[in-house]
Structure formats: structure tokens, C-alpha cells
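> return atomic coordinates for the entry below.
(chains A and B)
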Amino acid sequence: MIAEQQARDPVDIVAAMAAGDSGPALNAFYEQYASMVLALLMKMLGSRAEAEEILQDVFVELWRRAPQYDSGRGSVVAWVITVARCRALDALRARSRRHGDRQSEYSEGDALVTEGGRPDVLVSSTRWHQALRQAFQRLSAEQRAVLELSYFQGMSHGQIADTLGLPVGTVKSRILAGMRSMRTMLPVIHRAMKA
Amino acid sequence: MSEEKERAELLAALYAAGAASEEDERELAALLEADPGLKQVVQDFEDSIAALASSFEPLETSPKTLGKIKKQIAQEKGGVVARLRAWFSKD
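This next block holds a predicted model:
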């Protein structure tokens, strides 16, 4: 029982992967994060086939990088998200090179939507996701829009300003306001992540 | 809040959001050396944005994907073992 509980701790799972366990540890890791990562990749890439392909790359990379994971520098989920985001941005850049510049037709109304379902196959939403979504409702549409373009589309503040037709200073202050707002939610976020 | 603190927090926010320019990143790195407390601000912002990124409705993955991942890892493991064997067998 104790061993089973320990195996569920994300830091222990990563440590086991770092030691070369590509069996039970990788299974547990995949089970815990794959559906979340796939949702993020779908959000960023908009293509199920491409998202599934990148998902594979992300997990191979996470397994490869497991020995370098340092729990003192951040949570496992933040590490997973960072690697997944980098891979998705690489794919977006490659796509952009193939098809020319993609962005331009963006409006603040397109800002990231964290509530509600999608036509894709959903797995059951956890208390974690429900709590996070509630927390992020506190961001204004303007704040969500700039965070969407920076974090999920990989744009610099200058590119965001061009896309939204705003002064660079306004973009920067919206990013800061959004980040400050989310930082005040951290206790709620941490509780949700532990739930 | 002082102008310097405000600037440092702005740079931390831009960095965590992925919107910082190279110049912003250099300026933030210099400020981090001078003010170790700023590291916590950066980490809080990074945790916040990661939580936002993990809040989308989870999607069921293809049953085949884990198998493909394991296959690729097994090939890599094989590759490492093969390289080590080759290295140890050198004269």
C-alpha cells in the first residue's frame, strides 16, 4: 500500500523514470499527464493528428530529460507543460515556415476558453480542472487575449501589439496585470493541483 | 511600489508569459543577480501560467500512443547500450 502511494507521487515517478524505468513509472506518468498535454497541444495546434504526433515526441523527451528534473526549480506539472509548449511552438514555427505567416486575423474575442466542452473526445473533468477554470475566470478578456498570444502562440510583445492593434505599452501592462491576477490565485491553484 | 520593482516585475511577467525580447531577458538576468527575491516572483508567474495551460478540458489519447512512445524509448535504450558496448570494446 505504501509503495503504491509512493508510486503515485509525481516526483517519485519522475525519479523512477530517471533511473530507467520505462515500465510502471512511465505508465503512471503517462496516465497522469497525457490527456492534459494532449488538450494543451490541441489548443495550440488545432489539429488532432498533429497533436497526437507531438504528444509522442513530448513524452519521449520527458523520459529522456527525467534525470535533469529538479523539484526545487518547479513542480512536475510546470515542467511537463514547459516541454509540451516548446514542442508545440516548434511545430507552429515549422508550419509557419511551410505556409507563410499564419497570424493576423485574431481578435480579443478569440481569447482562450477554459470553460465548457469541445467536440473532441473529453475525459471526465476533475476537481482540479474545475477549480482552475473558476480561478481563471477572474482574468479579463483583454488579459486572456495577450496571454493567449504570448504563451500559446509564442508571440513577442511587439507581435502582439501588431496583431491586436494596440500600443506595446498597453500589451505589456495587460500581461503584467494578468500575471499579477493569476499570482494572487496561486493558493487556490496549488490547492486544486493537490486535490 | 518603486519604479525599479515595477520594472523588475514587468520583466518577470513578460519572461514567464514567453513575451520577453532578448534585451528584456538580459535585463531580467542582471536584476536576478542583484535581487535573489525576484526569483520567487518569476517562479510564481511560471507556476501560474503553467496552471493556466493545464486547465483545459483533458482529452482522451489514442490507445496506440503509449505503445509508440515505449517503442521509441526502447530503441533509444538499445542505442545507448550499443554505444556503451562499442566504447568498452575499443582497444
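> what's the helix or strand where A:Ile13 lies in contact with?
In this assignment (DSSP states H and E), A:Ile13 forms part of helix A:10-18. Outside of helix A:10-18, the residues within contact range by CB atoms under 8 Å, 6 or more residues apart in numbering or on different chains are A:6-7, A:24-26, A:28-29, A:32, A:62-63, A:66-67, A:69, A:71, A:75-77, A:79. In short, each C-beta sits where N, CA and C put it, glycine included.
> now tell me what touches the longest helix belonging to chain A from outside.
Across chain A, the longest stretch assigned as helix under DSSP state H is helix A:76-99. With contact meaning CB under 8 Å, 6+ apart, helix A:76-99 is reached by A:10-11, A:13-14, A:33, A:36-37, A:40-41, A:44-45, A:50, A:54, A:57-58, A:61-62, A:65, A:69, A:102, A:151-154, A:193, B:18, B:46-47, B:50-51, B:53-54.
> and those residues, which are buried?
A:10, A:13-14, A:33, A:36-37, A:40-41, A:44-45, A:50, A:54, A:57-58, A:62, A:69, A:151-154, A:193, B:18, B:46-47, B:50-51, B:53-54 (16 or more other CB atoms under 10 Å in any protein chain shown).
> so which of those residues belong to strands?
Judged by DSSP state E, strands contain none of the buried ones among the contacts of helix A:76-99.
> returning to what we had before: report the angle between the helix holding A:Ile13 and helix A:76-99.
60 degrees (axes from the mean of the first three to the mean of the last three CA atoms, to 10 degrees).
> hey, C-alpha coordinates of helix A:10-18 in CSV?
Output of helix A:10-18 as CSV, limited to C-alpha atoms (Å, rounded to 0.1, in the frame of the first residue of the first chain):
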residue,chain,number,x,y,z
PRO,A,10,4.8,12.7,-9.4
VAL,A,11,8.3,13.5,-8.2
ASP,A,12,8.9,9.8,-7.3
ILE,A,13,7.5,8.8,-10.7
VAL,A,14,10.0,11.1,-12.5
ALA,A,15,12.8,9.8,-10.3
ALA,A,16,11.9,6.2,-11.3
MET,A,17,11.9,7.2,-14.9
ALA,A,18,15.3,8.9,-14.4
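> and it, how far out from the chain's middle?
Using CA atoms, centre = their mean, to the nearest Å, the distance from the centre of helix A:10-18 to the centre of the chain it belongs to is 20 Å.
> with stretch A:135-147 instead?
On CA atoms, centre = their mean, the centre of stretch A:135-147 falls 15 Å from that of its chain.
> do the same with stretch A:65-77
On the basis of CA atoms, centre = their mean, stretch A:65-77 sits 16 Å off its chain's mean C-alpha point.
> now it: mean pLDDT?
Across stretch A:65-77, pLDDT averages out at 88.
> phi, psi of the closest residue to A:Ala34 other than its chain neighbours?
If the residues on either side of it in the chain are set aside, A:Ala34 comes closest to B:Thr61, at 4.8 Å by CB to CB, 6 or more residues apart in numbering or on different chains. Backbone torsions of B:Thr61, given as degrees, to the nearest 10, read phi -90, psi 160.
> and B:Thr61, how many residues sit next to it?
22 (other CB atoms under 10 Å in any protein chain shown).
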